[in-house]
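In: Structure for this input, please:
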Amino acid sequence: MSLFQKGQAKIPGSGRAKGVKNRLSHAFLKALVEDFEQHGEEAIRICRVERPHEYLRVVASLMPRELEITDNRLNDITDDELIAYIEYAQRQLAGRVGSVESGEESPLN
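Out: Residues are numbered from 1 along each chain as shown. A predicted model of the protein is given here:
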């Protein structure tokens, strides 16, 4: 037999008091911020040097899991204009490859 049965009312006064979780979270985050302000940069440097795999894990966890590109300028270009841009880029690249192969230096821009 179980002490708690399905549908049984909670005993008044049992459980966590209202607001305790929020106060605990606030106190923890406040202490973390204060500690980080005092030792954060040095702690990061030490972690990077002594535990690079954990350092990289933290860095990776801060990166977005998905990248959503919302730029839709290409929607305003007709297919013919897009083909012309691609052909122009191909001619520019072919010219640079030709200059490199012939030993000529081309400007960077």
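In: State the pLDDT value of residue 45.
Out: pLDDT for residue 45: 96.
In: With residue 101 instead?
Out: pLDDT recorded at residue 101 is 67.
In: report the longest helix in the protein, please.
Out: Counting residues, the longest helix found in the chain (DSSP state H) is helix 20-50.
In: packing partners for it?
Out: helix 52-62 (3 or more CB pairs under 8 Å, 6 or more residues apart in numbering; DSSP states H and E). Every residue, glycine included, has its C-beta placed from N, CA and C.
In: care to break the protein down by domain?
Out: For the chain, automatic domain parsing gives the domain ranges 19-64, 76-109.
In: how distant is the longest one from the center of its chain?
Out: From the chain centre to the centre of domain 19-64 is a distance of 16 Å (CA atoms, centre = their mean, to the nearest Å).
In: quick one: contacts for the residue nearest in space to the middle of the chain?
Out: Nearest residue to the geometric centre of the chain (CA atoms, centre = their mean): residue 63, 1.7 Å. Not one residue lies near residue 63 by CB atoms under 8 Å, 6 or more residues apart in numbering.
In: Now it: phi and psi?
Out: Main-chain dihedrals, residue 63, degrees, to the nearest 10: phi -80, psi 150.
In: quick one: it from residue 56, how far?
Out: 11 Å (CB to CB, to the nearest Å).
In: Flag the shaky bits of this protein, pLDDT-wise.
Out: For the chain, residues meeting the criterion pLDDT under 70 lie at 1-16, 98, 100-109.
In: make it 50
Out: Filtered on pLDDT under 50, the chain yields no residues whatsoever.
In: and the angle for the longest helix of the chain with helix 52-62?
Out: Helix 20-50 and helix 52-62 meet at an angle of 130 degrees, taking axes from the mean of the first three to the mean of the last three CA atoms, to 10 degrees as the criterion.
In: begin at 23 from here
Out: Taking 23 as the first residue, the last one we looked at is helix 42-72.
In: wait, what's in contact with the residue nearest to residue 76 when sequence neighbours are not counted?
Out: Leaving aside its chain neighbours, residue 76 sits nearest to residue 69 (6.1 Å; criterion: CB to CB, 6 or more residues apart in numbering). Applying CB under 8 Å, 6+ apart, we find residue 69 in contact with 76, 77, 80.
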